[in-house]
Structures are given as structure tokens and as C-alpha cells.
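Colleague: Provided below are the primary sequence and the corresponding predicted coordinates.
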2 protein chains.
Amino acid sequence: MAEIQPIVWASNKLMLLDQTKLPRQEIVLELTDYRQVVAAIREMRVRGAPALGVTAAYAMALAARQIAEEDPSHFLPLLKEAAEEIKAARPTAVNASWAVDRLLVLVEAEADPPAASQRLLAEAQAMQEDDVAANRRMGQHGARLLRDGDAVLTHCNAGALATAGYGTALGVIRAAWEGGTRFQVYHTETRPFLQGARLTAWELVKMGIPATLVVDSAAGLLLKEHSVQCVIVGADRIAANGDTANKIGTYTLAVVARENDIPFYVAAPTSTVDLSIASGEQIPIEERDPSEVAQLGGVRTAAEGLEIRNPSFDVTPHRYIGAIITEEGIVREPYSTNLAAVVTGTHAGVR
Amino acid sequence: MAEIQPIVWASNKLMLLDQTKLPRQEIVLELTDYRQVVAAIREMRVRGAPALGVTAAYAMALAARQIAEEDPSHFLPLLKEAAEEIKAARPTAVNASWAVDRLLVLVEAEADPPAASQRLLAEAQAMQEDDVAANRRMGQHGARLLRDGDAVLTHCNAGALATAGYGTALGVIRAAWEGGTRFQVYHTETRPFLQGARLTAWELVKMGIPATLVVDSAAGLLLKEHSVQCVIVGADRIAANGDTANKIGTYTLAVVARENDIPFYVAAPTSTVDLSIASGEQIPIEERDPSEVAQLGGVRTAAEGLEIRNPSFDVTPHRYIGAIITEEGIVREPYSTNLAAVVTGTHAGVR
């Protein structure tokens, strides 16, 4: 199977597979200005927390190169301004902030702008490779949660497209499949952006894994009927206590899964864990443009004259989460102890 | 406010407001053949359990007139065949079967085909008037469940369009508003058919009630945040024990509402109660065409090569339902006793 590569650095350009056009068109954007990258993030041409981390890192590398060429005497203050723009493009996923802050530390130790921008590019590339490697390890850990004959439910897209490659929740599914476990996948369409119908479906078909699409509100019926034996989703930010922000609708799935005694798992790299916030109440929830909800395929479907709310994420309290699958191992309650241990490297999770 | 009249009998024709075209176009279908009515039901040009009951009654009247003209010597057997076709058009809502069976009893006592068809038409018209009257009474009973400053969540469309007029869940909302209570309404878009975004929004805007639209999977966030103080939905069939079939996604709302201690109400006329079935497990769930899920606005959005399930309804177990609002009063647990009493007229509910 050809690997899905949503983010490629080549010929001194950042190439992004435009996810707003999938699955009908495979269009690659070639970006050389960090502001183009910020716009691409905001317009969800690239999305998914780990992918946003890597993309933000490349945006920093591009910004550094631009500033080194245009105004090297103000390199650090201008780069910090660009960093704020990049972090603000989408507020919920922590990975972009995590990547940008990690890069800023590096350049503070480097006085020469061209050298600094070279250093950032190398680090962005390393982060991209780290992400794929982390996902493969996460897949190995999580794969043993799936059994032959199971059906697993996922929401939104936590696949190769949401990462630098391989995927988080879909990475676990892929690793289990590649390990010979045979199961099927149910996935939601994920309104309003249809990441499920457009992106997860496309990835599952490419992988040859049997996939069945349902509307978001039909997932509850699957759980009630026990048509699925577990739920696996990705994450945009995980608080220190395990509360998890993910695509709108995730909280609902977690509640209905628990009501039916079906395990609910989160798959995310440790870079998604934000130990600086104690609980999910402190995670900012992005509200996106109402037009995403009011129209379908470019045609206004909603009646005129009404209000629309379009929250893009919700927070699932940790008590609904059976396990968090990271590249360091599977983490279970008590999350407040075990997540910190995994993130700071003092504990390797329950392998 | 001009009354919304989804079903009109005039000039010996059945006029149906084509609900697949709302809110962009207000097109009225003029039907003279019962088979056209069956097709309109199947294509969801008319939908909503009470509206299907009245429409099925008119379909019977049209069928009787056609048979009386074309083949009066086989009137009763042919009418029974037509009755089966009408009942099978959509299997989950009980109201169509209820209406058709009630009409068949009438014609068995009438030997003359033209007189029988006249009798059926008169009865269909009476059922239409009864339905509006029942909804107004239901509204009066239910209105006292809403308080000033509340926000109420509804799903799908249980408004005038889903009935002969006035509405069930939206009828309760309307009655409370007309009674001077001031509140706001949140409603889901209701994929795949968008009855919420297209129909409920249109009705609420016409009534001047503040309305906010969300995608289906955002309803859980509203419940978790306590942005709404109660949920009111309609019903397609209610079993003797109170288990309620309604639009796909209703079960999920009920579970998440209870998880957050928010009352969940069903508003439906007693004709929606099916005492012949003990529990919701016996309610047939219609699976509709996958193409409704695979495309948006006529454009295929889902990736090719995957399976799609499109269940149109789910069943909410009675334990999640705080009250069932009928035209005879508000019914609460134990439903198995109290529903039977209300339906058979031995008990007038808790008024």
C-alpha cells in the first residue's frame, strides 16, 4: 500500500495535501510563506492535532527563513510574532503550541539568523519523523486491545491524514490489521466538515479494512445494539487529569459507550498531553464559522434567520475513558499520576 | 402568523407541501392516485408520524374512489391490497397503520363502493381535524413544563409539518410561547435528511421563536454545559411500556440528557401508542437508502468503496423518558399502566 503522506518538505517548499478537496481531488499545495501555512491551518486544508504540530514546525522554519532574508536585525522579535500567529491559527489542539514553543527555545540559543532558520528546518523534519515513529509504536501498544471478530467505532479522522503519517486511532486499527487481527470498522461522517465520510473512509478503503459509514447520530444505535465492541478516537488536547478535547461529538460517544459497557479509548502521542492544565475545563474550545453548518456542498440548506453555534470540539471527562494509548504505552486511571509519569519519562505506561 | 398546512384536501385532490424542497421552495404536490401518495411517503415529501397517519387516510380515500370507479365488483379485496401498500410505505411510524386499519373497519360495514369511498374521505377529513385539535390540547398540557428563561432542545422536526398542523414537540413549544413564556430553542440539523436545519428552523423562524441550530453531535455539549434545561422530541411509535421509536439520534440525546440530569420529554398523540407491542424491541426500524448519507446537495462526498448503514430511527427505552405528553394529559411512569389507561380512555393522564 502506498503510504499516505499529508505533509512533505521538498525543494525548499512545504507540500500539503489539501484535505478540503479529498476524496474527490488529490491536490498538493506548495507553500513558501509561513502566512500561507497559517491560512491553510485556519481553512482546515491540514487538520488533526499531530499534523498541526508538524505543520506549525514547518511554518516556523519558513518564517525564520523569510525573516533571516528580509529583516535579520530583528530576527528574534519578528519570529516570536510569527510564532504567536501560528499558535493562534487554531486554539484547541495543543500540538501546534507545543511544537512552536519547542522551536523557540532552540533559536534563543542561536545568534545567527540563517543558522537558526536552518536549525529550525532540521528540527521540523525530525519532529515529522518522530511523529510517524510515535504513531507506529502507539499502534503496536494499542493493537492488542482489538480482537478477531470485533467491530470498532471511530469518529472524525485520526488517521495518517491527521498526523505526519500512519495515524493515531487509525494507526492502532492499522497496526492490529497488519498484525493479522480481522475486524471491521464503523465510522461516523463527522459533521460539519465530514472528516469521517471523506477522510477516514478514504484511508480505510486504501488500507483494505472493511468500513461502514453512519451519520453521527446513528453511532448511539450501534453502541446500544452492541454492533461495536470498542470505540477508539484521537485527541486534540489531553489535560493532566486525562480529560480529553477531541472533535465535537466525542463526549456523546463516550457517555453512550459507558452506558452500554463498551470500552472507550483515546489514542494520542504524549505531545498531545498538556500537563500545564489541570482539567479539561481550561481547554479553549474553538467555535468555527456558522456557514460550515448552514450549507451543504455550497448550497444553503438551513432556513434563513436563525442563529447557529458551531463548536468544533468537546471535552470528554477522564472518568469515561478506559485507556489512553500513547507511544510510551497504554495509560489507565489514575491519569493524573500516570500521564505525568509517561510524559516526563519516569514511567513507561502499562505495556 | 399564517398557519402551516402541510396537508390540504381541496377540489377532490390531496395537496401535499413537498418537504424535500423546503425551505428553498414551497411546492405543492397535487395527487389524485393513491400510488402517487405512497411514492410521496416513501420519498419523504411528507413525513412525521401524525402527518403520515392523515396522509395514509387520504391515500385510502383516493384508493377507494379509484377502485369504486375502475373495478367496484372487487372493491374490498382491492382496497385491502392498497391498504397493505400504504402501510408498507414506511414501516416504523405506527400512525399510518393505525389510520388505515381504522378506515378498513368502516368500509367493511358499507356495501356500496361509492358510498364507502365517500365515507372514507369524510373520515380522513375528520382525522385531519382531530390531529390538529389533539396537538393543540397536547400543547396546553406540555406548555407548563417550560419556564421563563429556559432553553429547550429538540431533534428532527415534530412541528406543524410533521402533523396535520400545529405540531407535537414544536406544538408544546408554540403553546408555551403563545402563553407568554419566554425561552429559546436549540435544535439539531438532523442528518441525513436535515429535517432540523430545513424544517424545524423554518417553522421556528415563522413563529418568531429564538432558534439556534447545531450539528447533531454538538447536542451533547449543550447538555453537558447545561445550555438547555429540557429536551422535547416527537415519536414515531410508542410501545405499551413507553419505549419510544423516534428519529435516529433520539436515544443518544436521551442518554446524555439523563447523564446530566436534564429532563427528556416525548410529545405524541395517543394514536402513536401501539399497545399491541409490549416493548420497543418489537418496533421495526426502517433502513433507508445509503445514498442519503453518501452525498450532500447532490454531490457524492463519501469516499468510494465503503459500506453505509442508514437506520432512520432508534428506540429510547422508557427509563430515560421523564414524561410522555399526549392530548389526554402528561403521562409518567409506570408507563405500562398509565399509557394503556390514557389510550383506552379510562384515565385522563396527570393534567
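Modeller: Arrived safely. Numbers count the residues shown, from 1 in each chain, chains lettered A, B, ... in the order given.
Colleague: How about the contacts made by A:Ile67?
Modeller: A:Ile67 makes contact with A:74-75, A:78-79, A:82, A:113, A:117, according to CB atoms under 8 Å, 6 or more residues apart in numbering or on different chains. Placement of C-beta: from N, CA and C, glycine included.
Colleague: Same question for A:Thr163.
Modeller: A:Thr163 makes contact with A:6, A:48, A:50-51, A:54, A:131-132, A:135, A:171, according to CB under 8 Å, 6+ apart.
Colleague: Apart from its chain neighbours, what residue comes closest to it?
Modeller: Using CB to CB, 6 or more residues apart in numbering or on different chains and skipping residues adjacent in sequence, the residue nearest A:Thr163 is A:Pro50, 4.0 Å away.
Colleague: which secondary structure element contains the one you found?
Modeller: helix A:49-70 (DSSP states H and E).
Colleague: Kindly export that helix (C-alpha atoms) in CSV.
Modeller: Below are the C-alpha coordinates for helix A:49-70, written out as CSV (Å, rounded to 0.1, in the frame of the first residue of the first chain):
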residue,chain,number,x,y,z
ALA,A,49,-3.6,17.6,16.2
PRO,A,50,-0.3,15.8,15.4
ALA,A,51,-0.4,17.1,11.8
LEU,A,52,-0.9,20.6,13.1
GLY,A,53,2.1,20.2,15.3
VAL,A,54,4.4,19.2,12.4
THR,A,55,2.9,21.8,10.1
ALA,A,56,3.4,24.5,12.7
ALA,A,57,7.0,23.5,13.0
TYR,A,58,7.5,23.9,9.2
ALA,A,59,5.7,27.2,9.4
MET,A,60,8.2,28.3,12.0
ALA,A,61,11.0,27.2,9.7
LEU,A,62,9.5,29.1,6.8
ALA,A,63,9.0,32.2,8.9
ALA,A,64,12.6,32.0,10.2
ARG,A,65,13.9,31.8,6.6
GLN,A,66,11.8,34.7,5.5
ILE,A,67,12.8,36.9,8.4
ALA,A,68,16.5,35.9,8.0
GLU,A,69,16.3,37.1,4.4
GLU,A,70,14.2,40.2,4.9
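Colleague: between the next helix-or-strand element following that helix and helix A:49-70, how big is the angle?
Modeller: Using DSSP H and E, the helix or strand that follows helix A:49-70 in sequence is helix A:75-88. Relative orientation of helix A:75-88 versus helix A:49-70 (axes from the mean of the first three to the mean of the last three CA atoms, to 10 degrees): 150 degrees.
Colleague: Show me what helix A:75-88 is packed against.
Modeller: helix A:34-42, helix A:49-70, helix A:95-108 (3 or more CB pairs under 8 Å, 6 or more residues apart in numbering or on different chains; DSSP states H and E).
Colleague: and it, which residues are buried?
Modeller: Within helix A:75-88, the residues that count as buried by 16 or more other CB atoms under 10 Å in any protein chain shown are A:75-76, A:78-79, A:82-83, A:86-87.
Colleague: Now pLDDT too, for those, in TSV please.
Modeller: Below are those laid out as TSV (pLDDT from 0 to 100):
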residue	pLDDT
A:Phe75	96
A:Leu76	95
A:Leu78	97
A:Leu79	97
A:Ala82	98
A:Ala83	97
A:Ile86	97
A:Lys87	96
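Colleague: Generate TSV for those, with distance to B:Thr270 as supplementary columns.
Modeller: Compiled in TSV, the buried residues of helix A:75-88 are given as follows (distance: CB to CB, whole Å):
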residue	distance to B:Thr270
A:Phe75	76
A:Leu76	74
A:Leu78	72
A:Leu79	70
A:Ala82	66
A:Ala83	64
A:Ile86	60
A:Lys87	58
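Colleague: and the angle from the helix holding A:Pro50 to helix A:34-42?
Modeller: Interaxial angle of helix A:49-70 relative to helix A:34-42 (the same axes, to 10 degrees): 160 degrees.
Colleague: ok so, going back, what is the most widely separated pair among the contacts of A:Thr163?
Modeller: A:Val54 and A:Gly171 (14.7 Å; CB to CB).
Colleague: Please identify the deepest-packed of the helices and strands packed on helix A:75-88.
Modeller: helix A:49-70 (a mean of 26; mean count of other CB atoms under 10 Å in any protein chain shown).
Colleague: Report the mean confidence score over it.
Modeller: For helix A:49-70, mean pLDDT is 97.
Colleague: try stretch A:316-332
Modeller: If you average the pLDDT over stretch A:316-332, you get 98.
Colleague: low-scoring stretches of chain A, by residue?
Modeller: Where chain A drops to pLDDT under 70, the residues are A:1-2, A:297, A:346-351.
Colleague: Show me how far the longest helix belonging to it is from its chain's centre.
Modeller: Secondary structure of chain A per DSSP state H: the longest helix is helix A:113-143. On the basis of CA atoms, centre = their mean, to the nearest Å, helix A:113-143 sits 14 Å off its chain's mean C-alpha point.
Colleague: I'd like to check the angle between that helix and helix A:49-70, please.
Modeller: Helix A:113-143 runs at 170 degrees relative to helix A:49-70, counting by the same axes, to 10 degrees.
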